[in-house]
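>>> Quick one, structure for this:
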Amino acid sequence: MSYSRSGSRQKYAVITGASSGIGYALAKAFSKRGYKVIGASPQAVLHLQDPLVAEYGVISVPCDITNLDDLKRLKDVVFKETGGYVDILYNNAGIAIGGPAAEMDEAKVNKIFQVNVIGHINATKQLAPYVINAKGSIVFTSSVAARVPLAWTSIYSATKAAIDAYAQTLHGEMEPFGVKVHSIITGGVNTQIGGSESLADAQKRLQNSLYNVEGILDSTRATKGMSLRKGISPDAYADDVSRKILKGSTKFNLFGGSRGYTLHLMGRYFPLWLVEHLMQKTFKQLELFKNIRKSVRNGTR
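Below you'll find the model as predicted:
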C-alpha cells in the first residue's frame, strides 16, 4: 500500500473504457483530484490512453471486460498497484447499436449485452473485495435511455436499464460493508458512441426493413449525432459527476449530462403516451409512423 508524504493512503480509481469519451474524461477528472487512476481498455485501443499516462500518470491496463481472463489479469494488476484497496470502481465501458427493435442483428445484441451488462457484473465480482477494503464506491454509467424510449435504441436502452437494476440491488447489498453504489443517469454528452455509421450505410442496412418508407432517413438523421449536437462536453460531464461522487452522497441515482434529470423525471412521472409522443416528435418519427399506418391500411405492409 502506498502513502502520500502527508502519511495518508494514496487513493485509487479503476475506470473501464478509459480510452475515449466519458471514460477518458473521468480518468483526467479523478487524476486532478489526487486519485491514482488505473485505466482499462481493450488492447486494440489501449494506445489512446497514452496521453493520460504521459500527463497524469495513469496506469494503463489492457482489458476487454467481456473476457474473464482479462478481468482476472486486471484484478492481479490492481492488487499489485494498490495493495488491495480501490476507492472508486467506475464501470463505464460501453458500446451502442441502433435500429428497429424487432430487426436487430443477433450477434450485435449479444455483443452489446456482453459489454454493457455482463462485463460490468463480472468486473464488479472481481474487484468488489478491494472496494470493500477501502470502503469505497462502485459506479455505473447508465443513461436516460433507461428511462425514456429514445428512437431506434431499444437494445442499448435495455442494457442501460439492466445495469441500473443490477446496481440498485447491489446498492443495498454493499451498504453493510460501508460501500456506496451509484448509477449515473446520463443525458446528452458529446461523444462518438454509436455515431460511426454513415447515412449511406444506414440506408443500406434499412433497405429491407419494415420501416423503409418515406421519412426513415429524416428520422435517422435526427437520431444520429443527437448527443453531438445537444450534449455537454465529456470534460464538463466528468467534472460534474466526479464532484457529486466525491461529496459522499448516499443517493443511488446521480444525474449528469444534458437534460439527464429532466428526462429521468419525464420517464418516471409522465404517462407513456406523452413520453412516446415527445420522443417521436424529437426524432421525427411521427410522419414516418403515419406513413407506415397508411401503407398498412393500403395492404402494402
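
>>> Next SSE downstream of the helix or strand of the chain with the lowest mean pLDDT?
In the chain, no helix or strand scores lower on mean pLDDT, DSSP states H and E than helix 226-230, which sits at a mean of 67. Proceeding N to C from helix 226-230, the next assigned helix or strand is helix 234-246, under DSSP states H and E.

>>> name the helices or strands packed onto that following helix?
Counting contacts by 3 or more C-beta pairs under 8 Å, 6 or more residues apart in numbering; DSSP states H and E, helix 234-246 packs against helix 21-32, strand 180-186, strand 253-256. All C-beta spots, glycine's among them, are computed from the backbone N, C-alpha and C.

>>> and the angle from the second one to helix 21-32?
So the one you mean is strand 180-186. 130 degrees (axes from the mean of the first three to the mean of the last three C-alpha atoms, to 10 degrees).

>>> List the buried residues of whatever helix or strand comes next after strand 180-186.
Next along the chain after strand 180-186, taking DSSP H and E as the criterion, comes helix 199-205. By 16 or more other C-beta atoms under 10 Å, the buried positions in helix 199-205 come out as 202, 205.

>>> Keeping just the C-alphas, turn helix 199-205 into PDB.
Only the C-alpha atoms of helix 199-205 are listed here, as PDB (Å, rounded to 0.1, in the frame of the first residue of the first chain):
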ATOM      1  CA  LEU A 199     -26.200   7.700 -43.500                       C
ATOM      2  CA  ALA A 200     -25.300   5.600 -46.700                       C
ATOM      3  CA  ASP A 201     -24.600   2.600 -44.500                       C
ATOM      4  CA  ALA A 202     -27.800   3.200 -42.500                       C
ATOM      5  CA  GLN A 203     -29.800   3.400 -45.800                       C
ATOM      6  CA  LYS A 204     -28.300   0.100 -46.900                       C
ATOM      7  CA  ARG A 205     -29.000  -1.600 -43.600                       C
END
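
>>> and for that helix, what are the contacting residues?
99, 197, 217, 220-221, 224 (C-beta atoms under 8 Å, 6 or more residues apart in numbering).

>>> List only buried entries from those residues.
99, 217, 220, 224.

>>> what would those residues look like in CSV with secondary structure, distance to Gln114 and pLDDT?
Listed next are the buried ones among the contacts of helix 199-205 as CSV, based on DSSP: H, G, I helix; E, B strand; the rest coil; distance: C-beta to C-beta, whole Å; pLDDT from 0 to 100:
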residue, secondary structure, distance to Gln114, pLDDT
Gly99, strand, 18, 93
Leu217, helix, 31, 90
Thr220, helix, 26, 88
Lys224, coil, 24, 78
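
>>> out of these, what pair is the most spread apart?
The most widely separated members of those are Gly99 and Leu217, with 13.7 Å between them, by C-beta to C-beta.
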